[in-house]
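Chemist: model the following, please.
(2 chains)
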2 protein chains.
Amino acid sequence: MRTDYKQLQKKLGYEFSDESLLIQALTHRSFKGAHNERLEFIGDSLLGMFVAEALYFEFPKATEGELTRMRSQIVKGQTLTAIAKEFELSQWLLLGPGEMKSGGCRRDSILEDVIEAIIGSVYLDSNIEQCKEFVLKLVKKRLADVDPSNALKDPKTQLQEWLQSRKRPLPVYEVINTTGQAHNQTFTVSCTLDDGQQLEATGTSRRKAEQSAARKALEVIKK
Amino acid sequence: MRTDYKQLQKKLGYEFSDESLLIQALTHRSFKGAHNERLEFIGDSLLGMFVAEALYFEFPKATEGELTRMRSQIVKGQTLTAIAKEFELSQWLLLGPGEMKSGGCRRDSILEDVIEAIIGSVYLDSNIEQCKEFVLKLVKKRLADVDPSNALKDPKTQLQEWLQSRKRPLPVYEVINTTGQAHNQTFTVSCTLDDGQQLEATGTSRRKAEQSAARKALEVIKK
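Modeler: Model (predicted):
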């Protein structure tokens, strides 16, 4: 576990007045002492707001739905985890003994939280303008790469195009269950890919359940 | 339909440099011209952020979960609609002919969006500090009233206490469906109240589905 926090601040491009805020942001709740969950709460909303604002000005013709979808591309867990890995944040994490051994998904979700907590700690250490600058630097590459045309497409279309571009057969959707009365039904749909992977989702209409299952499939195959 | 926007600005306690931003915020997509959906996108994230920040400092001992629940109490649709009604915003709305006749839920949801759009328009008209001041004034009463003890309680407990305080019998929870394989099951649960109202919800565990159904029941009975 690295404790050269000066080095990390250099990497992050932000120097803390109060280094203990950075240390708290790196501290998982499994570790003793002040942990990062409250910082994560505040960082999450700052991140969402700065990204919303950037997209609003960057895409003056995008609809609310398009802006919302573009924002989720940027603030979703996978993206934040990837950013955390670029900074090799794992090396500075403060984890309890149980979590030290955990890897994979659990570690990814811890890293995602730490990025949000660091945003919160930068805010508390400085002010909203400096925090905005920090966040925009953090997501710069993702903002530049965000694909408005993909954000326009619904998940079923995206999944279809993704599979077609790899010469794979189309997914098969099937209603596997419906519950509830006529005007208040819940549909459960499965989406099966050619490699046998099967994702299930529910929705208030067959279409919504299919879109939701396609979204899950996209998350799995793009990992 | 009122067009005395100066009067509305007086009510809102904010004077616009560019009145057209306020007019856009009041314009539903059913009306011709620039509508409020993009403003709503940006206003929603500003509102979430300012409320998050206020709660963070107001409740230094609250956990992330408690802060999240308190924030939802404040930024939820019902609260925003109530605020819009206090300002009698309905009188200034710019609606298409079809929407003019709509009332009830649809109108409530339009009002909720307008509050968020007004927040976005104040931001674009001024800056983040002035927008923060505006938002905090808007939600002042709700921030003062927010009940951390209720935020601590899960929906099943809240529902139980709400019914008990009115001497009504407890709700009945029932698993009405399960789908999926052993480690990836989806549970559908119904929550039936003594007045016959029945809410359904799904979740990845029976407990989660019950909590979610209780949350729906709370929304319905507290309307």
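Chemist: average pLDDT across whichever strand or helix holds A:Arg107?
Modeler: Take DSSP states H and E as the rule and A:Arg107 turns out to sit in helix A:104-125. Helix A:104-125 comes out with an average pLDDT of 92.
Chemist: just how off-centre is that helix within its chain?
Modeler: 11 Å (C-alpha atoms, centre = their mean, to the nearest Å).
Chemist: and that helix, what's buried?
Modeler: A:107-108, A:110-125 (16 or more other C-beta atoms under 10 Å in any protein chain shown). C-betas here are computed from N, CA, C, even on glycine.
Chemist: export that helix as CSV, just CAs?
Modeler: The C-alpha trace of helix A:104-125 is given here as CSV (Å, rounded to 0.1, in the frame of the first residue of the first chain):
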residue,chain,number,x,y,z
GLY,A,104,-12.6,-8.3,-9.9
CYS,A,105,-16.0,-6.7,-9.7
ARG,A,106,-15.8,-5.8,-6.0
ARG,A,107,-12.5,-4.0,-6.5
ASP,A,108,-13.9,-2.3,-9.6
SER,A,109,-16.8,-0.9,-7.6
ILE,A,110,-14.5,0.3,-4.8
LEU,A,111,-12.4,2.1,-7.4
GLU,A,112,-15.5,3.7,-8.9
ASP,A,113,-16.5,5.0,-5.5
VAL,A,114,-13.0,6.4,-4.8
ILE,A,115,-13.1,8.5,-8.0
GLU,A,116,-16.4,10.1,-6.8
ALA,A,117,-15.0,10.5,-3.3
ILE,A,118,-11.8,12.2,-4.7
ILE,A,119,-14.1,14.7,-6.6
GLY,A,120,-15.9,15.4,-3.3
SER,A,121,-12.7,15.9,-1.4
VAL,A,122,-11.3,18.3,-4.1
TYR,A,123,-14.5,20.3,-3.7
LEU,A,124,-14.2,20.5,0.1
ASP,A,125,-10.6,21.4,-0.2
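Chemist: after it, next one along is what?
Modeler: Downstream of helix A:104-125 (by DSSP H and E), the next one is helix A:128-138.
Chemist: just checking, what packs against that next one?
Modeler: Here helix A:128-138 touches helix A:37-58, helix A:104-125, going by 3 or more C-beta pairs under 8 Å, 6 or more residues apart in numbering or on different chains; DSSP states H and E.
Chemist: for the spatially most central residue of chain A, what are its contacts?
Modeler: Note on chain A: the residue nearest the mean C-alpha position is A:Lys76, at 1.7 Å, using C-alpha atoms, centre = their mean. Counting by C-beta atoms under 8 Å, 6 or more residues apart in numbering or on different chains, A:Lys76 touches no other residue.
Chemist: can you tell me how far it is from A:Val189?
Modeler: 22 Å (C-beta to C-beta, to the nearest Å).
Chemist: repeat for A:Glu99
Modeler: 36 Å.
Chemist: then A:Ser45?
Modeler: 33 Å.
Chemist: ditto for A:Arg107
Modeler: Relative to A:Val189, and taking C-beta to C-beta, A:Arg107 is found at 31 Å.
Chemist: just A:Arg71 next, same as before
Modeler: On the measure of C-beta to C-beta, A:Arg71 and A:Val189 end up 26 Å apart.
Chemist: and if you look at A:Pro155?
Modeler: 12 Å.
Chemist: neighbour count winner among those two?
Modeler: A:Val189 (25 against 20; other C-beta atoms under 10 Å in any protein chain shown).
Chemist: now the more buried one: phi and psi?
Modeler: In terms of degrees, to the nearest 10, the main-chain angles of A:Val189 are phi -120, psi 140.
Chemist: list the contacts for it?
Modeler: A:173-176, A:200-203, A:206, A:209-210, A:212-213.
Chemist: 6 Å instead, please
Modeler: Contact analysis of A:Val189 by C-beta atoms under 6 Å, 6 or more residues apart in numbering or on different chains lists A:Tyr173, A:Val175, A:Ala209, A:Glu210, A:Ala213.
Chemist: most neighbours, which of these?
Modeler: Neighbour-wise, the contacts of A:Val189 (other C-beta under 10 Å) top out at A:Ala213, 27 neighbours.
Chemist: quickly list what A:Leu94 is bridged to.
Modeler: A:Thr27 (DSSP bridges).
Chemist: list the contacts for it?
Modeler: Going by C-beta under 6 Å, 6+ apart, the list of residues near A:Leu94 reads A:Leu26, A:Thr27, A:Phe31.
Chemist: tell me the one among these nearest to chain B.
Modeler: The nearest member of those to chain B, counting by C-beta to the nearest C-beta, is A:Thr27 at 13.3 Å.
Chemist: surely the closest one meets A:Glu37?
Modeler: No - in this structure A:Thr27 lies outside contact range of A:Glu37 using C-beta atoms under 6 Å: 9.4 Å.
Chemist: who's more crowded, the two?
Modeler: A:Thr27 (22 against 19).
Chemist: gap between A:Met70 and B:Pro148?
Modeler: For A:Met70, the distance to B:Pro148 - C-beta to C-beta - is 35 Å.
Chemist: ditto for A:Leu163
Modeler: 48 Å.
Chemist: check A:Gly65 too.
Modeler: 35 Å.
Chemist: now A:Asp18
Modeler: 27 Å.
Chemist: do stretch A:12-26 and chain B meet?
Modeler: No - Stretch A:12-26 lies apart from chain B when judged by C-beta under 6 Å from any C-beta of the partner chain; the minimum separation is 13.0 Å.
Chemist: domain parsing for chain A?
Modeler: Domain assignment of chain A by automatic domain parsing yields the ranges A:5-145, A:155-221.
Chemist: in terms of mean pLDDT, which of these ranks lowest?
Modeler: Across the domains of chain A, domain A:155-221 gives the lowest mean pLDDT, at a mean of 89.
Chemist: what about that one, distance to the chain center?
Modeler: 21 Å.
Chemist: for it, measure first residue to last.
Modeler: 13 Å (C-alpha to C-alpha, to the nearest Å).
Chemist: got it, and stretch A:91-98?
Modeler: 16 Å.
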